[in-house]
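Asker: fold the stuff below for me.
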Amino acid sequence: MEPSRGLKRKRKRKRKAEAKVEENGLATSPLSQPLPLDWWDDFSKRITGPLSQSRLSLTFESVFKISRKTFNYICSLVKEDMMAKPANFSASNGNPLSLNDRVAIALRRLSSGESLSIVGDSFGVNQSTVAQITWKFVESMEVRGLHHLQWPSTEADMEETKSSYEKIRGLPNCCGAIDTTHISMSLSTMGISNKVWIDHQKKHSMILQAIVDPEMRFRDVITGWPGSLNESCVLQNSGFFKLSEEGKRLNGKMIELSEGTYLREYIVGDAGFPLLPWLLTPYQGKGLSDFQSEFNKRHFATRMVARRALARLKEMWRIIQGVMWRPDTNKLPRIILVCCLLHNIVIDLEDGVQDEMPFSYKHDPGYRQRSCESVDKTAFIQRENLSLYLSGRLPL
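Answerer: Numbers count the residues shown, from 1 in each chain. Predicted coordinates for the structure are as follows:
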């Protein structure tokens, strides 16, 4: 049987990644060789501290949460930047750090969320080296890996996305699910005095807004806004909002629900977002009709993809899961973006390690759902027509 278009595209993404490794010449450069057979054996023997106490069960995947294939690909992306002079990083014993060593240090810092001192002690380098290598990795990835975070660029890609969303609970023409999460921070005395970072749970945080496809891949993200802002405000200050309002996004094929009744492209979000022609939110309040309640159930099941994606992001890249210790609020958005890129790379390369991650919807524990009362009249009619259509009550 001939593979489906979606499967073909997945294979194409994998082939591109594999080709990227080859074209960067990793197999021919001694310092930048991605994973020679003895690299992990040698590197694992240098691990010290608490991480080394489980040496018998210590595996590459348990330390970095990705497969060697994915690691190899990431090395190919950042090789040129990470090995550029004059950054001659070395271990505490004076030995130079190879490309693999440097990427390993950066990935461990991002995936474990451990302090600079703990990561440094584990891998035999000082704190400043860990900090410099990690930031150099972030700077490289936010440029070299950006092609892994894109809005569907072709009609075929978008049709595949819509088809996959419809298979969840029957919502037709849905192009994405949107949600936000808080990145908690412990600020310095000077930062604490700035109340803009205090969110509605009385914590200091930064907001990440993400739009996700059915495979939990991030298609659009915005971050850097203070935790005091609500979802509606963050949305309205995003590039996605501007593009959608101008008709430059979510402007593809309409579908006919019944004669003369059409449904445009849209995304789904929770009650914290405004109801817009291109963003459908659930019905609120009590006394909902049966078809409105049914719509809410379908809507809830569909938008859970975004919750799962954000929960997976924080679980896998724990530097943004806990409380960031006195982060640079200008650098933190760039770290968050790179974690999103790494999240997508794991999906694009179909990394099997992700299947072993715990399954969770809880990305913002302790935060209460807030509601937005803003309702666009056109969007209200569109949601009503869709609800009637799903219940079989829309006149033909």
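Asker: residue ranges with poor pLDDT in the stretch 51-200 of the chain?
Answerer: For the stretch 51-200 of the chain, the stretches with pLDDT under 70 are 54-56, 86, 188-193.
Asker: and the residue lying closest to H182 once chain neighbours are set aside, its phi and psi?
Answerer: The shortest distance from H182 to any non-neighbouring residue, by C-beta to C-beta, 6 or more residues apart in numbering, is to S205 (4.0 Å). All C-beta atoms are positioned from the backbone trio N, CA, C, and that covers glycine. The phi and psi values for S205, taken as degrees, to the nearest 10, are phi -160, psi 170.
Asker: so where do the helices sit in the stretch 151-300 of the chain?
Answerer: 155-169, 189-192, 231-236, 239-245, 290-316 (DSSP state H, counting those that start in this stretch).
Asker: would CSV of the ones you listed with mean neighbour count and distance to V353 be doable?
Answerer: Output for the helices of the stretch 151-300 of the chain, formatted as CSV (neighbours: other C-beta atoms under 10 Å; distance: least, C-beta to C-beta, whole Å):
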stretch, mean neighbour count, distance to V353
helix 155-169, 17, 23
helix 189-192, 11, 36
helix 231-236, 19, 32
helix 239-245, 16, 30
helix 290-316, 20, 9
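Asker: I'd like these as JSON lines, with distance to L263 appended.
Answerer: Formatted as JSON lines, the helices of the stretch 151-300 of the chain follow (distance: least, C-beta to C-beta, whole Å):
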{"stretch": "helix 155-169", "distance to L263": "11"}
{"stretch": "helix 189-192", "distance to L263": "46"}
{"stretch": "helix 231-236", "distance to L263": "21"}
{"stretch": "helix 239-245", "distance to L263": "16"}
{"stretch": "helix 290-316", "distance to L263": "13"}
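Asker: looking at those, which is nearest to R370?
Answerer: helix 231-236 (7.2 Å; C-beta to C-beta).
Asker: show me what that closest one is in contact with.
Answerer: In this structure, residues lying in contact with helix 231-236 by C-beta atoms under 8 Å, 6 or more residues apart in numbering are 178, 180, 207, 209, 222, 225, 241, 269-270, 272-274, 279, 370, 372, 374.
Asker: if we use 7 Å, what do you get?
Answerer: Identification of contacts with helix 231-236 by C-beta atoms under 7 Å, 6 or more residues apart in numbering yields T180, I207, Q209, I222, W225, F241, G272, F273, P274, C372, S374.
Asker: likewise stretch 104-120?
Answerer: 43, 49, 63-65, 123, 125-127, 129-131, 133-134, 137, 316-319, 321-322, 339.
Asker: could I have the buried ones of the contacts of helix 231-236 as PyMOL selection syntax?
Answerer: Of those, the buried ones can be selected in PyMOL as follows, counting by 16 or more other C-beta atoms under 10 Å:
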select buried, resi 180+207+209+222+225+241+272+273+274+372
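Asker: let me have the contacts of helix 231-236 in a markdown table, extended by distance to E265.
Answerer: Shown next, in a markdown table, are the contacts of helix 231-236 (distance: C-beta to C-beta, whole Å):
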| residue | distance to E265 |
| --- | --- |
| T180 | 21 |
| I207 | 25 |
| Q209 | 19 |
| I222 | 20 |
| W225 | 26 |
| F241 | 15 |
| G272 | 21 |
| F273 | 16 |
| P274 | 17 |
| C372 | 21 |
| S374 | 20 |
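Asker: just the closest of the contacts of helix 231-236 to Y73, please.
Answerer: I222 (26.0 Å).
Asker: so who does the residue nearest to H182 touch?
Answerer: Listed by C-beta under 7 Å, 6+ apart, the contact partners of S205 are H182, I183, S184, M185, W197, D199, G227.
Asker: would you agree the first one is in contact with W197?
Answerer: This points to H182. No: judged on C-beta atoms under 7 Å, H182 makes no contact with W197 at a distance of 10.5 Å.
Asker: need the overlap of contacts for the two.
Answerer: Counting by C-beta under 7 Å, 6+ apart, the residues touching both H182 and W197 are S205, G227.
Asker: can you tell me the centre-most residue of the protein?
Answerer: Centroid-nearest residue in the chain, with C-alpha atoms, centre = their mean: C340, separated by 3.4 Å.
Asker: surely that one touches L146?
Answerer: No: with contact defined as C-beta under 7 Å, C340 does not reach L146; the gap is 10.3 Å.
Asker: buried ones among the contacts of stretch 104-120?
Answerer: By 16+ other C-beta under 10 Å, the contacts of stretch 104-120 give 43, 63-65, 123, 125, 129-130, 133-134, 137, 316-319, 321, 339 as buried.
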